[in-house]
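In: Sequence plus predicted model, see below.
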Amino acid sequence: MKKVFMNKALRWNAVVLLLAMLLFAAGCGADKKAEGTDASKASSGGDTTAQSTLDAIKARGKLIAGVKYDTKLFGLKDPASGKVEGFDIDIAKALAKKILGDENKLELKEVTSKTRIPMLQNGDIDIIIATMTITDERKQQVDFSDVYFNAGQSLLVKKGSPITGLDSIVKGTKVLTVKGSTSAKNIREKAPDATVLEFENYQDAFTALKAGQGDALTTDNAILFGMQKQDPNYEIVGGTFTEEPYGMAIRKGDAAFVKTVNDLLKEMKDSGEYDKLYEEWMGQKPEK
């Protein structure tokens, strides 16, 4: 009886050992497969995002672009019709046409200087086309297209204002700008005596200026030009004191999408379409 019991025990131990060996082998195989996948990713750049954005656009059948709703000439929403129009909007339409063959396969989402990068990183939008200046700091968070518009920061004041430029800004001068913009940073550096008040968007800042809450409004001259057109009682003074090259922002590592956008810009410039759009919105031809 004892012998039979021992034989059964040995057989049971053998089964357990065999199962353990099979599980170990399976684990090793899975590890090697995972290593192979990681190696494959590394050899292709280690990032699948680049292809996935274009794939996502094609799969859903529309491009989702983050644009401004408060910036005349670039992206401004008509409260009556609900339609958003501007230079940036037309660039977005051209991109939708390039990718999907139809400029109407486009969804616009409102962004501000404060919300645009988080919205891009969260996947709420495919691209930012929203008067966004290319900076080294922002390059740490997003990738940029080639420059699609050259602007420079300036000042907007009521006609007859004693402020004629940066030199006129003294202690106590209230300068209005927008949260999260390079303009806020620049004015603090260029006019350290100024009291800087930041608003959520450009329309709020302009409304505050007209209400007498500030002495001047600062941002890129192209945006200020739009405000000046809205109300001729205001004028741009002092010329530009920075260079503000605008780029379209794309999720970090999205090389294929960056190439698609840059190809579009080149095609538009080569065909004359870019110059036509620029002149339509800015009232003058772009500087070469």
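Out: Received, thanks.

In: use CA for all of it now, contacts and neighbours both
Out: Noted.

In: could you pull out the helices for this structure?
Out: Using DSSP state H, the helices of the chain run over 2-43, 49-60, 87-100, 116-121, 136-139, 182-190, 202-210, 221-230, 255-271, 273-282.

In: In terms of mean pLDDT, which of the ones you listed ranks lowest?
Out: Sorting the helices of the chain by mean pLDDT places helix 2-43 lowest, at a mean of 46.

In: Might one say that residue 194 is in contact with residue 177?
Out: No. Contact criterion CA atoms under 8 Å: residue 194 and residue 177 do not qualify, at 11.8 Å.

In: the more surrounded of the two?
Out: Taking neighbours as other CA atoms under 10 Å, residue 194 and residue 177 compare with residue 177 leading, 28 against 19.

In: Can you give me every residue that contacts the closest residue to residue 246 other than its chain neighbours?
Out: Closest residue in space to residue 246, ignoring its immediate chain neighbours: residue 133 at 4.4 Å, by CA to CA, 6 or more residues apart in numbering. Contacts of residue 133 were listed using CA atoms under 8 Å, 6 or more residues apart in numbering, and they are 182, 244-247.

In: Using a markdown table, lay out those residues together with neighbour count.
Out: Shown next, in a markdown table, are these (neighbours: other CA atoms under 10 Å):
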| residue | neighbour count |
| --- | --- |
| 182 | 19 |
| 244 | 23 |
| 245 | 18 |
| 246 | 22 |
| 247 | 22 |
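
In: Among the residues you listed, name the ones in strands.
Out: Under the assignment DSSP state E, the contacts of residue 133 contribute 244-246 to strands.

In: rewinding a little: dump the contacts of residue 133 to a markdown table, plus distance to residue 222.
Out: Below are those laid out as a markdown table (distance: CA to CA, whole Å):
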| residue | distance to residue 222 |
| --- | --- |
| 182 | 14 |
| 244 | 10 |
| 245 | 11 |
| 246 | 11 |
| 247 | 14 |
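
In: now, which of those residues sits nearest residue 80?
Out: Ranked by distance to residue 80 (CA to CA), those are led by residue 246 at 29.2 Å.

In: gap between residue 94 and residue 106?
Out: 10 Å (CA to CA, to the nearest Å).

In: Check residue 96 too.
Out: 6 Å.

In: joint contacts of the two?
Out: Contact criterion CA under 8 Å, 6+ apart; residues bridging residue 96 and residue 106 by contacting each: 62-63.

In: center of this structure, which residue is that?
Out: In the chain, the residue lying closest to the centroid (CA atoms, centre = their mean) is residue 128, at 3.1 Å.

In: show me what contacts that residue?
Out: 65-67, 116-117, 120, 248-250.

In: Could you export these as JSON lines, including distance to residue 287 and neighbour count?
Out: Formatted as JSON lines, the contacts of residue 128 follow (distance: CA to CA, whole Å; neighbours: other CA atoms under 10 Å):
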{"residue": "65", "distance to residue 287": "27", "neighbour count": "26"}
{"residue": "66", "distance to residue 287": "26", "neighbour count": "29"}
{"residue": "67", "distance to residue 287": "24", "neighbour count": "28"}
{"residue": "116", "distance to residue 287": "28", "neighbour count": "25"}
{"residue": "117", "distance to residue 287": "29", "neighbour count": "21"}
{"residue": "120", "distance to residue 287": "31", "neighbour count": "22"}
{"residue": "248", "distance to residue 287": "20", "neighbour count": "27"}
{"residue": "249", "distance to residue 287": "23", "neighbour count": "28"}
{"residue": "250", "distance to residue 287": "26", "neighbour count": "26"}
